[in-house]
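Asker: missing the sequence, but the structure's below:
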């Protein structure tokens, strides 16, 4: 379900009271229970993290990470209702230390009365590091169960100490099916939208996964009292927003993206250019296309041609500088460069393998000789002892063993013998030969 109902209620418990008759459509369609949330069944279903917590009747602190309009606020509110907790919501944009102190004091009083508090913090990444640390003692002793919402990567925006005390749950961008179900609810309440079938699909595609935006657009259409159903082109003109045009086969937004990406990967520049044109002419956001190009450059080309990534980022800068339509030529250039570049997914496979190994091996200690030793105690413990400075070795290569003893040497990156990676392969083979010829440092 879309994140339809942001709350800034610093001192009150949640209720599921009916919205006013004149409330916005999104407010009138807010879900009444977790099973009414669409698009997040991987979390709210019986086997999902949230579903299991609700079944057990006890919540742990969590961070809800996802794009706008995917149900973060609604999920938090309904979580509190599902387990009988007091719901308090604040926004990090409008709240400061004084507000937090007041919330925690009230939560302490509620706890004395036997009432648990779920504290929902919207845009939690907006709090600075010191403010984030302020949550820790209250979370640890159970004064509040913290549910934070963020559109930003928690790994970069939230303190490690806070992350260690909360699960990170990822909410998915609403797909066409979820958005369609959301729109059907609106139509059951307000009646059929004044749109042709193609225009209805175009409206869903234009929402870009944001349920709140979709319902706001639908409300605009209802308010206009349109006599005849609009076509995709008429819809785009009416909403003053470029809307994807769908052909008679109703090829969707994601089908075109998939076809384009696979054409790039398959080194068919003409097909890639055709699907690029289809998307841009239909009104796809150029920056979205550029993000997908960058992804293709690192996933499907990688070090076979490192310039592919440079070309894509340069195209993004050029488009930012020129805008449409002139800047679209830079997107075309980057598209053709990627389509004609040698292909390799060796970097992509190496990342997957290394990430899997890191998860499986836990916190293995690096070998002592490459540990930093800033103190006498660490030096006495053998940190840094025997480290071979590669620049002092012949060929600038010591051949030292840098792997945890319990793990041993692994091979994640295996470049193919094509493109620039042919040269990388020669370097790796050369170092492997030197390593075999000399004892490890």
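Answerer: Done, it's in. Worth saying up front: this structure is predicted, and the values here are computed from it rather than measured.
Asker: where does this structure dip in pLDDT?
Answerer: Applying pLDDT under 70 to the chain flags the ranges 1-21, 240-253, 439-441.
Asker: Give me the domain ranges for it.
Answerer: 25-170, 176-239, 253-340, 365-437 (automatic domain parsing).
Asker: In JSON lines, list those along with mean neighbour count and distance to residue 353.
Answerer: Bear in mind the C-beta positions are built from the backbone N, C-alpha and C, glycine included. Output for the domains of the chain, formatted as JSON lines (neighbours: other C-beta atoms under 10 Å; distance: least, C-beta to C-beta, whole Å):
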{"stretch": "domain 25-170", "mean neighbour count": "18", "distance to residue 353": "20"}
{"stretch": "domain 176-239", "mean neighbour count": "18", "distance to residue 353": "30"}
{"stretch": "domain 253-340", "mean neighbour count": "18", "distance to residue 353": "14"}
{"stretch": "domain 365-437", "mean neighbour count": "13", "distance to residue 353": "4"}
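Asker: now those in a markdown table, with distance to residue 355?
Answerer: A markdown table is the format used below for these (distance: least, C-beta to C-beta, whole Å):
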| stretch | distance to residue 355 |
| --- | --- |
| domain 25-170 | 13 |
| domain 176-239 | 25 |
| domain 253-340 | 14 |
| domain 365-437 | 9 |
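Asker: nearest to residue 351, of those?
Answerer: domain 365-437 (8.0 Å; C-beta to C-beta).
Asker: starting at the chain centroid, how far to the closest one?
Answerer: In terms of C-alpha atoms, centre = their mean, to the nearest Å, the centre of domain 365-437 is set 34 Å apart from its chain centre.
Asker: And for stretch 163-181?
Answerer: So, by C-alpha atoms, centre = their mean, the centroid of stretch 163-181 is 9 Å from its chain's centroid.
Asker: Please shift the residue numbers so they start at 7 in all later answers.
Answerer: Done: numbering now begins at 7, and the last item shifts to stretch 169-187.
Asker: which one of the domains of the chain lies closest to residue 355?
Answerer: domain 371-443 (7.4 Å).
Asker: okay, which residue is most central for this protein?
Answerer: The residue lying closest to the centre of the chain (C-alpha atoms, centre = their mean) is residue 72, at 5.7 Å.
Asker: Contacts only, for it.
Answerer: 78, 157, 176, 177, 178, 179 (C-beta atoms under 8 Å, 6 or more residues apart in numbering).
Asker: Just put the residues you listed in TSV and tack on distance to residue 260 and secondary structure.
Answerer: Formatted as TSV, the contacts of residue 72 follow (distance: C-beta to C-beta, whole Å; DSSP: H, G, I helix; E, B strand; the rest coil):
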residue	distance to residue 260	secondary structure
78	23	helix
157	21	coil
176	19	strand
177	18	coil
178	13	coil
179	11	coil
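Asker: ok, back up a step: which one of the domains of the chain lies nearest to residue 353?
Answerer: Proximity to residue 353, assessed across those by C-beta to C-beta, is greatest for domain 259-346 (3.5 Å).
Asker: Run the chain-centre distance for the closest one.
Answerer: 21 Å.
Asker: go on, stretch 123-130?
Answerer: For stretch 123-130 - counting by C-alpha atoms, centre = their mean - the centre lies 19 Å from the chain centre.
Asker: Ok, stretch 357-373 next?
Answerer: Going by C-alpha atoms, centre = their mean, where stretch 357-373 is centred and where its chain is centred differ by 23 Å.
Asker: just stretch 37-50 next, same as before
Answerer: 19 Å.
Asker: Pull the residues that contact that stretch.
Answerer: Under C-beta under 8 Å, 6+ apart, the answer for stretch 37-50 is 7, 22, 54-57, 60, 76-77, 80-81, 84-85, 87-88, 175, 177-178, 180-181, 184-185, 187-188, 217.
Asker: One more pass at 7 Å, please.
Answerer: Stretch 37-50 has contacts (C-beta atoms under 7 Å, 6 or more residues apart in numbering) with 7, 22, 54-57, 60, 76-77, 80-81, 84, 88, 175, 177-178, 180-181, 184, 187-188.
Asker: Distance of residue 165 relative to residue 155?
Answerer: 16 Å (C-beta to C-beta, to the nearest Å).
Asker: Identify each of the helices in the stretch 307-447 of the chain and give its residue range.
Answerer: For the stretch 307-447 of the chain, the helices defined by DSSP state H, counting those that start in this stretch occupy 313-328, 334-346, 352-367, 382-386, 427-443.
Asker: Tell me which of those approaches residue 302 most closely.
Answerer: Per C-beta to C-beta, nearest to residue 302 of the helices of the stretch 307-447 of the chain: helix 334-346, 5.5 Å.
Asker: So which other helices or strands are in contact with that closest one?
Answerer: Contact here means 3 or more C-beta pairs under 7 Å, 6 or more residues apart in numbering; DSSP states H and E; on that basis helix 334-346 packs against helix 259-271, helix 275-288, helix 292-302, helix 313-328.
Asker: what angle do that helix and helix 313-328 make?
Answerer: Angle of helix 334-346 versus helix 313-328, following axes from the mean of the first three to the mean of the last three C-alpha atoms, to 10 degrees, is 170 degrees.
Asker: Helix 334-346 vs helix 275-288, what angle?
Answerer: 150 degrees.
Asker: contacting residues around helix 334-346?
Answerer: In contact with helix 334-346 (C-beta under 7 Å, 6+ apart) are residues 269-270, 273-275, 278-279, 282, 286, 292, 295-296, 299, 302-303, 307, 314, 317-318, 321, 324-325.
Asker: Just the ones in strands from the contacts of stretch 37-50, please.
Answerer: Applying DSSP state E to the contacts of stretch 37-50, the entries found in strands are residue 175.
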